[in-house]
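Novice: here is my input; please provide its structure:
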Amino acid sequence: MLELDRLRQSLNQITGALAPRKELFQQKEQLNSLELVFEEIKKKFKNAGSPPEALALKAASRFLSGEAQLDEVDIDLIAFALAKPVGSTLESTLFNNEGKLKALLDNYSAKCTSGRDMLITWRGVMGAYFELSPNNSPNRQQFEGSLEDIRRFLISTWSSVLGSTELRLSWMKAIDENIELLGKNPCDQFAKQWFDGHEDLVLRISGDLQISSNSWFWERLFVTCLQNVLNFDEFGFKKAIPKLLKLFDKHKIYRDKGLCAVLDRYAICSDTSVNEMLKEYALDLWASPEGHELAGSKWKFVSKPALAMVLNWVHETNLRLFFKLLKERGHADDERLNFWLKFIPQVKSSRLALGPTSRGLVESRADYKKVFKRDGHAYSQLREDQNPGNDAFLMTIGNCLIVDFSIGGGCYVYRHGENQFNITDKYHYSSTSRKGLKEKYRTGGMDFAHTPGWTDAHRAPAKLRKEYGITPSSVRITGASNLNQTINVRDYFTGGYSAAPEEIKFSVKDAELEIPTFVPTNIDVEVAIKGGAETPNPPVLFKYFEAKAKAIQLARENGVEYQEESARFIVKYMRDKGPVAEKLGFFGLKFTDGIGWILR
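Specialist: Predicted coordinates for the structure are as follows:
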């Protein structure tokens, strides 16, 4: 019995010692619960001051129809519907009605000047400003003009709006500390650090202001960033090309127009010799510029100097491949390579005709496959040659077609109309018969053989000059460097540049799947998850935040837009089947046709 009493006494001592800690544990659990409740409150009040969308749209519709019986409340409500279509067409958006928009902004300006508290109305206009996308308007010039009208209203009334209230909300602080956002060049202060990969400040501000992922702001940031790089001197610009290409891959919706600008900038450099990285990137994305006249080719949007430059790069690549294949078989001929390189700037088209040996090499090597298979018809098959290791290089210069054989076949030059074969033929024949590459042998013989001394001035060069008017290019560059020449990147996006007009279009699928990835981070989600991480059985509210966080991550990874309303979270993915849809369903979101995936 004594031992039992001692045991009971020890147990009481331990219980007494643990009592304060138990209270601490309970307090911690309460604190976690309070944090979750607080986050829910923040979410509910996130759009405080924003009226129901239906009321704003109804007021906007009445205003657009010219109804005179609108009270002040209705007028103020319209601020929240500036960027939203009232009807089924873009023209039914108040933003696209220049006269109505100006009248409304004049009304708001007068109220701000009179000292009236216009904070909520001003917030509605500002929200619309950062929500607008060039896709919201049927005319880009009109879009830019109306956007500028709203910007002038915002910047001119901000001080009076700020002075008429004692409130200092997070979005107000973001505007006040970054007033340049309402300036003519809103992205200048962010462009350099964003290009260097430091996106935190931009993302935080975009979160505070709820800048839409489709907003004009992101395009302007991309344009400003690219413009800064294109304004570098030649050395700095070329050094930055690898980073630019990474930027294009990250934000694919702007990639085509950005690449147009970069190629046009490169074409006005003093040295336009081949940039392998830029060349390979452009060819992988747009295929060969030799097809620039084909329907749908993006090459038609670059300037003529840029097109000529890249064509020269392609022809030089073809020539170097011809001699690289020859070297692979132990027949290096640098003298001949250097001879023909002098004529490359004049080449209009080129083609390799490969014999069985070279074709086997191409099919067995990944590096060759990539180059030759890019267009699907990059080379023709050379047939009927006694030597399976023989190849031919075909190129047009002026009105002449030149055929140069790699081994023992010599060189033939055909004036326009003299040959019966075409450079684009799928099969070429190493024969002297009609349509054979050596058909001239029967009438005039080969023009010259690759015997010692053939490149001496009195031999091949003299024959090309005297008989065909073909001379080497004195300078192997196509650039026209001029300090007064500049590339205005905005013109590529607004349609003011003839070589890169607004006609570069993207399909609906592109717009859905290639929304910029620099969408605002959701601080609320991160805080909620952190606060509830130790809860063994998370409450329903925590499950909501967890599902929302996973859905946001999935949306970012797939370039899909999402938005949060007062009572629901929406991922605007318009498909109910496939890997992405399956994951969204697993997270607890429900699909609604025409809206997307909804989490309540």
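
Novice: what lies in contact with stretch 95-107?
Specialist: 63-64, 75, 78-79, 82-83, 90-91, 94, 125, 128, 132, 136-138, 142, 145-146, 149-150, 153 (Cβ atoms under 8 Å, 6 or more residues apart in numbering). Backbone N, C-alpha and C define where each C-beta goes, glycine included.

Novice: helices - which of these land there?
Specialist: 63-64, 75, 125, 128, 142, 145-146, 149-150, 153 (DSSP state H).

Novice: which of those scores worst on pLDDT?
Specialist: Across the ones in helices among the contacts of stretch 95-107, the smallest pLDDT goes to L64, namely 85.

Novice: out of the ones in helices among the contacts of stretch 95-107, the closest to L361 would be?
Specialist: Using Cβ to Cβ, the shortest approach to L361 within the ones in helices among the contacts of stretch 95-107 belongs to Q142, at 57.3 Å.

Novice: roughly how far does the closest one sit from N96?
Specialist: 7 Å (Cβ to Cβ, to the nearest Å).

Novice: if you count what's nearby, which of these two comes out ahead?
Specialist: N96 (20 against 14; other Cβ atoms under 10 Å).

Novice: and the pLDDT at the closest residue to G453 other than its chain neighbours?
Specialist: Spatial nearest neighbour of G453, excluding adjacent residues (Cβ to Cβ, 6 or more residues apart in numbering): R459 at 6.5 Å. On the pLDDT scale, R459 is placed at 93.

Novice: how close does E467 sit to D447?
Specialist: Distance from E467 to D447, by Cβ to Cβ: 8 Å.

Novice: neighbour count winner among those two?
Specialist: D447 (19 against 12).

Novice: list the contacts for the more buried one?
Specialist: D447 makes contact with 410-413, 460, 463, 467, according to Cβ under 8 Å, 6+ apart.

Novice: which among the residues you listed end up buried?
Specialist: 410-413, 460, 463 (16 or more other Cβ atoms under 10 Å).

Novice: okay, now F237: neighbour count?
Specialist: 18.

Novice: quick one: contacts for it?
Specialist: 229-230, 265-266, 269.

Novice: swap in S433?
Specialist: Contacts of S433 (Cβ under 8 Å, 6+ apart): E439.

Novice: kindly state the pLDDT recorded for it?
Specialist: 91.

Novice: rewinding a little: let's have the ones in helices among the contacts of stretch 95-107 in CSV, adding distance to A103.
Specialist: Below are the ones in helices among the contacts of stretch 95-107 laid out as CSV (distance: Cβ to Cβ, whole Å):
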residue, distance to A103
F63, 9
L64, 11
I75, 10
V125, 14
A128, 16
Q142, 16
G145, 15
S146, 13
D149, 11
I150, 13
F153, 12
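
Novice: and of these, the nearest to L326?
Specialist: Looking across the ones in helices among the contacts of stretch 95-107 and measuring by Cβ to Cβ, the closest to L326 is Q142, at 58.9 Å.

Novice: between E467 and D447, what contacts are shared?
Specialist: By Cβ under 8 Å, 6+ apart, the residues touching both E467 and D447 are V413.

Novice: and which of the contacts of D447 is nearest D117?
Specialist: The closest of the contacts of D447, once distances to D117 are taken by Cβ to Cβ, is V413, at 84.1 Å.
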